[in-house]
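Participant: can't give you the sequence, but here's the structure:
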């Protein structure tokens, strides 16, 4: 499965709105999945993008995607670290010197 379809499917499974899912897909489509290999590849990229968008939009700590049982279950099933994927996306968006290449 490609990273766009994977992000769409996981976003649906985790209850993202259509708008949130579109924004997460945009992130996943733009970034190079190889940068996430040590965290679980495109699975970590997709989960990280979903967590990044979901947590960005969360109104309370309890609304966050990171820490939800379902998010943790999916991470375990896919053998991916979605939390580290989210951290990597934040690092890339901050323009860290260690993150010079960000496109697919």
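Facilitator: Here it is on my side, so go on. What you are looking at is a predicted structure, and each value in this text was computed from that prediction instead of being measured.
Participant: Return the distance of residue 59 relative to residue 53.
Facilitator: According to C-beta to C-beta, to the nearest Å, residue 59 stands 14 Å off from residue 53. Using the backbone N, CA and C atoms, a C-beta is placed for each residue, glycine as well.
Participant: Of those two, give the one with the bigger neighbour count.
Facilitator: Taking neighbours as other C-beta atoms under 10 Å, residue 59 and residue 53 compare with residue 53 leading, 26 against 7.
Participant: which stretch of helix or strand covers the more buried one?
Facilitator: Using DSSP states H and E, residue 53 falls within helix 42-57.
Participant: Give me the helices and strands touching that helix, please.
Facilitator: Here helix 42-57 touches helix 3-13, helix 18-30, helix 69-78, helix 82-94, going by 3 or more C-beta pairs under 8 Å, 6 or more residues apart in numbering; DSSP states H and E.
Participant: Assess the claim that residue 65 and residue 50 are in contact.
Facilitator: Yes: counting by C-beta atoms under 8 Å, residue 50 is a contact partner of residue 65 at 6.3 Å.
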